[in-house]
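**Student:** Need coordinates for the below:
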Amino acid sequence: MSSLPCLSRSLAATAFCALVACAPGERVSEPLDTPVAPVPPVDEEPPPPFEPTDPGDLAWIPAGYGPEEPVLVVFIGDSISKGNGASDNSLAYDTLLWSNTEAAYPDWVGRDLLSRYVSIERGVDVAVEGATTQTALDASLPALDTWLDDTWPDGIPGSAVVFLTIGGNDLQQALLPSSDPAAIADDTLARLEALVDALLSPERFPLGVTLYATNVYEPSGGIGQSSCFFGYEYSRVLADLDAYNVQVRDLAEDRGFAAIDLYSAFRLHGADAAVPGAPVSDPDDPTRWFAPDCIHPNDRGHHEIRRMMWEALMQGPTQVGG
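**Tutor:** Next comes the predicted model:
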């Protein structure tokens, strides 16, 4: 799930109580023997309001990038790539990208992997619900290697195209009040680098691979509070999430893969985007792209992820809804 997942009511309540409460009758401090001089007030400027990075600075697709005659399609990552949030598996992004569901999207006939690349022989989904970058390294990569060995004992006979959704389950730890969001983001990025390097390794795909990886979204529209998560306020983590997504883009440019900017695209379609008077919404398309759990994409969100992946494959625009 490439979003910041919700805290349960009990977790939020526990964290709040830990910060402000003590047992009945418990003394919270001992009296001091000597008076303490008052601390003079410090004139501090309030922090500036959070400003998310411009969408044009977060997506990255190398010029001319794209698979030519892939024989394999790989979906890897978290529950977004397992279809969570969609009302039916036929409406999940990976299913739609693999082979369009014509009954739901007749205008997308012919715009899918099987129609575009007749060379495709096999597809495999090694995503894991609830996966972190560590899960992908420890479980998904070995599962992929086992599958490759079983399917093509003499080696994969062509190139592969890989679609990766990961990071949200790592970054959810930043929601805890005592967490260090910057450190969590740095650790996640380090593991993402290792995962990307492993997926791009010629030892795994000796005849070539193209990689399309998403960044991490959140459902408040860049405010840090919405109707989600019992109104839990997490604006303190927004700058670190934004910085992480900038680093994902920089990693894509450095390693030569495509970074798909879900973060910017979903910002105008957050949990409250369809509510009249919502502070953050697309005036031309005030729709919510998040499922009721505020973590996974809903049917529209899955379609939009499919659209952005497809347009990246075709070297087209990936920000405007369609």
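
**Student:** use CA for all of it now, contacts and neighbours both
**Tutor:** OK.

**Student:** Tell me how many other residues surround the nearest residue to Pro181 once chain neighbours are set aside.
**Tutor:** Leaving aside its chain neighbours, Pro181 sits nearest to Ala174 (4.7 Å; criterion: C-alpha to C-alpha, 6 or more residues apart in numbering). A count of nearby residues for Ala174, using other C-alpha atoms under 10 Å, gives 23.

**Student:** contacting residues for Ala174?
**Tutor:** Asp180, Pro181, Ile184, Val237 (C-alpha atoms under 8 Å, 6 or more residues apart in numbering).

**Student:** can you tell me the distance between the two ends of stretch 136-155?
**Tutor:** Stretch 136-155 has an end-to-end distance of 22 Å (C-alpha to C-alpha, to the nearest Å).

**Student:** pLDDT of it, averaged?
**Tutor:** Predicted confidence along stretch 136-155 averages 98 (mean pLDDT).

**Student:** My reading is that the residue nearest to Pro181 is in a strand; is that accurate?
**Tutor:** No: using DSSP: H, G, I helix; E, B strand; the rest coil, the secondary structure at Ala174 is helix, not a strand.

**Student:** where's it relative to Ala291, distance?
**Tutor:** Ala174 is 21 Å from Ala291, by C-alpha to C-alpha.

**Student:** Could you work out the end-to-end span of stretch 109-117 for me?
**Tutor:** Stretch 109-117 has an end-to-end distance of 14 Å (C-alpha to C-alpha).

**Student:** Check which residues of it are buried.
**Tutor:** By neighbour count on 16 or more other C-alpha atoms under 10 Å, the buried set for stretch 109-117 is Arg111, Asp112, Leu113, Leu114.

**Student:** Where does the prediction get shaky in this structure?
**Tutor:** Along the chain, the model assigns pLDDT under 70 to residues 1-48, 316-322.

**Student:** Go again with 50.
**Tutor:** Applying pLDDT under 50 to the chain flags residues 1-37, 40, 316-322.

**Student:** quick one on the thing from earlier: just the ones in helices from the contacts of Ala174, please.
**Tutor:** Mapping these onto helices (DSSP state H) picks out Pro181, Ile184.

**Student:** And the contacts of Ala174, which of them are buried?
**Tutor:** Pro181, Ile184, Val237.

**Student:** Is the first one in contact with Ala239, as I believe?
**Tutor:** No: no contact is recorded between Pro181 and Ala239 when judged using C-alpha atoms under 8 Å, the distance being 9.2 Å.

**Student:** burial count for Glu121?
**Tutor:** 13.

**Student:** Just list the residues touching it, thanks.
**Tutor:** By C-alpha under 8 Å, 6+ apart, the contact list for Glu121 reads Val71, Leu72.

**Student:** Also Ile260?
**Tutor:** By C-alpha under 8 Å, 6+ apart, the residues touching Ile260 are Leu58, Ala59, Trp60, Tyr212, Ala213, Thr214, Asn215, Met308, Met309, Ala312, Thr318.

**Student:** switch the cut-off to 6 Å
**Tutor:** Contacts here follow C-alpha atoms under 6 Å, 6 or more residues apart in numbering; on that basis Ile260 touches Ala59, Ala213, Thr214.

**Student:** before we move on, could you check phi and psi at it?
**Tutor:** phi -100, psi 120 (degrees, to the nearest 10).

**Student:** ok, now Tyr212?
**Tutor:** Dihedral angles (degrees, to the nearest 10) for Tyr212: phi -120, psi 110.

**Student:** pretty sure it contacts Thr165?
**Tutor:** No: applying C-alpha atoms under 6 Å as the test, Tyr212 and Thr165 come out as separate, 8.7 Å apart.

**Student:** more crowded one of the two?
**Tutor:** Higher neighbour count among Tyr212 and Thr165: Thr165, with 26 against 21, using other C-alpha under 10 Å.

**Student:** Quick one: residues contacting the closest residue to the more buried one other than its chain neighbours.
**Tutor:** Nearest in space to Thr165, with sequence neighbours left out and distances taken as C-alpha to C-alpha, 6+ apart, is Gly77 at 4.8 Å. For Gly77, the contact set (C-alpha under 6 Å, 6+ apart) comprises Ala127, Leu164, Thr165, Ile166.
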